[in-house]
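Asker: Give me the fold of what follows.
(one chain, ligands or ions: 1)
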Amino acid sequence: MKRIAVLTGGGDAPGLNAVIRAVTKTAINIYGCDVLGIRDGYDGFITTDGVTLLDLGAVRGILPRGGTILGTANRGNPFARKVLRNGKEVVVDVSDEITAAIKKLKLDALIVIGGDGTLRIAMELAAKGVPVVGVPKTIDNDIGGTEVTFGFDTALMIATEALDRLHTTAEAHHRVMVLELMGREAGFISLHSGVSGGADVILIPEIPFKFESVLKKIRQRVESGSLFSLLAISEGAKPLGGQPVFRRTGDEVYVPRLGGIGQEVGQYIEGQGFETRVTVLGHVQRGGSPTAFDRWLATRYGAAAVRVAAAGGFGCMVALRDAQVIPIPLSEALAIPKRVDVNGDGVLTARGLGISFGDE
Ligand code: F6P
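Answerer: Okay, the predicted model is just below:
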């Protein structure tokens, strides 16, 4: 292995720089490779100045830094890129340009750090002969085949701290506090932080809720002397028989984005006579320094990805299974998106603690 490249794609997550650092150091120290950084996801292969040399100096000091020194993009799928032709927007497949650029760079491996969208593109590039190894990234923890993605632990810590802070002000004012959290169609952030932050109600996409059940829980608490309530609500939560709420519908440039269910639930509760405030935690969950666990996991993923590449394990993604980082086929990881097991111990634990999922 003489030359490898690394790129970060999709929404950022704390720990991206830790992976870039681990890839670069392992490739240089163990394999004596050149390492190239590709800027702004796959776009970097076809833009001017999209490729940069990563040496040990380039990755010095980045371990605790949030974001990604390479930049990222969550648009621009090379298999379906939107471009303007004669003033009209058309979708074109530029994947051949990408594979040609990869060939021209004489890459022995391409390490792709991303979520399901970025990794799916990696899988399609692998089918075209690109020597790809994937690293699973997302605060949502929704990638199959791995016990956890890096970025999730940091998001949890931030969400739990937000719940702790809302808890004291909720209690002081006898209010209902709603915290809307990210996670797309997966409820992991709300479930884990909700349990860790002592929420009274957790609403997740996997368990459709009834407004009346949420209200019942708040009323029960008031009757038993607890004049405040704390609600952790996933952005993808939806009422039984209803649809998720979007803050931005898709258009020619942007993909749809969830958001607004916290406000809807808050308005309903307020309308029933309980003073309510709604906080949308948003991108705070993705910013800033990774936790020690995410640095540890990201570093192990990055180092393992280089070892997998050196062994020729292309078309694979590194995954955490039984506390070991192992390669699994990208096709396996992407076959079924990971969701909260509604009968699993996390949900059962929460129910046992008296937390309502709004379904009873
Ligand atoms: O996938 C990560 C994530 O933060 C989701 O939880 C959220 O729905 C989405 O990205 C937000 O995307 P954007 O940064 O495009 O607003």
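Asker: Near the ligand, which residues of this protein are found?
Answerer: Neighbours of the ligand within the chain, by Cβ under 6 Å from any ligand atom: 11, 74, 115, 138-140, 182-184, 235, 257-258, 286. Backbone N, C-alpha and C define where each C-beta goes, glycine included.
Asker: Could you tell me which residues make contact with the residue lying closest to residue 260 once chain neighbours are set aside?
Answerer: Counting by Cβ to Cβ, 6 or more residues apart in numbering, the nearest residue to residue 260 once its immediate chain neighbours are dropped is residue 245, at 4.0 Å. Residues in contact with residue 245 (Cβ atoms under 8 Å, 6 or more residues apart in numbering) are 238, 258-261, 264.
Asker: what does the model give residue 245 for pLDDT?
Answerer: The predicted structure scores residue 245 at 97 on the pLDDT scale.
Asker: Can you pull the phi/psi pair for it?
Answerer: For residue 245, the backbone dihedrals are phi -100, psi 140 (criterion: degrees, to the nearest 10).
Asker: Residue 201 now?
Answerer: Here is the backbone geometry of residue 201 (degrees, to the nearest 10): phi -130, psi 130.
Asker: who's in contact with it?
Answerer: Contacts of residue 201 were listed using Cβ under 8 Å, 6+ apart, and they are 214, 217-218, 229-233, 355-358.
Asker: Report the spatially nearest residue to the residue of the stretch 151-300 of the chain found nearest the ligand, omitting neighbours in sequence.
Answerer: Closest approach between the stretch 151-300 of the chain and the ligand, counting by Cβ to the nearest ligand atom: residue 182, at 3.2 Å. With sequence-adjacent residues excluded and distances taken as Cβ to Cβ, 6+ apart, residue 182 is closest to residue 285, at 5.2 Å.
Asker: Identify the residues contacting the one you found.
Answerer: Residue 285 is in contact with 139, 155, 158-159, 181-182, 189, counting by Cβ under 8 Å, 6+ apart.
Asker: 6 Å instead?
Answerer: 139, 155, 158, 182 (Cβ atoms under 6 Å, 6 or more residues apart in numbering).
Asker: of all the residues you listed, which two lie farthest apart?
Answerer: By the measure Cβ to Cβ, those have their two most distant members at 158 and 182, which lie 10.1 Å apart.
Asker: Enumerate the positions of the helix or strand where residue 278 lies that are buried.
Answerer: Secondary structure from DSSP states H and E places residue 278 in strand 276-280. Judged by neighbour count (16 or more other Cβ atoms under 10 Å), strand 276-280 contains these buried residues: 276, 278-280.
Asker: Make CSV from those residues and add pLDDT to it.
Answerer: Output for the buried residues of strand 276-280, formatted as CSV (pLDDT from 0 to 100):
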residue, pLDDT
276, 98
278, 98
279, 98
280, 98
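Asker: Show me the chain divided up by domain.
Answerer: In the domain annotation for the chain, the residue ranges read 3-150+290-321, 154-286+341-352 (automatic domain parsing).
Asker: Can I get these in TSV including distance to residue 335?
Answerer: Formatted as TSV, those follow (distance: least, Cβ to Cβ, whole Å):
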stretch	distance to residue 335
domain 3-150+290-321	6
domain 154-286+341-352	16
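Asker: which stretch among these comes nearest residue 334?
Answerer: Comparing the domains of the chain by Cβ to Cβ, domain 3-150+290-321 comes nearest, at 5.7 Å.
Asker: Span of that closest one from start to end?
Answerer: Using Cα to Cα, to the nearest Å, the end-to-end distance of domain 3-150+290-321 comes to 29 Å.
Asker: How far does it sit from its chain's centre?
Answerer: Between the centre of domain 3-150+290-321 and the centre of its host chain there is 15 Å, according to Cα atoms, centre = their mean, to the nearest Å.
Asker: Averaged pLDDT, it. What do you get?
Answerer: The predicted model gives domain 3-150+290-321 an average pLDDT of 96.
Asker: any idea of the pLDDT on residue 242?
Answerer: Residue 242 is assigned a predicted lDDT (pLDDT) of 97.
Asker: ok, and the closest non-adjacent residue to it?
Answerer: Sequence neighbours aside, residue 208 is the residue nearest to residue 242 in space, at 7.5 Å (criterion: Cβ to Cβ, 6+ apart).
Asker: so that neighbour sits right up against residue 240, yeah?
Answerer: Yes. When contacts are counted by Cβ atoms under 6 Å, residue 208 is listed as touching residue 240 (4.1 Å).
Asker: between the two, who's got more neighbours?
Answerer: Summary of the neighbour comparison: residue 208 and residue 240, criterion other Cβ atoms under 10 Å, with residue 208 having more neighbours (16 against 12).
Asker: So which residues of the stretch 201-350 of the chain form strands?
Answerer: For the stretch 201-350 of the chain, the strands defined by DSSP state E, counting those that start in this stretch occupy 201-203, 229-234, 246-248, 257-258, 276-280, 316-321, 324-329.
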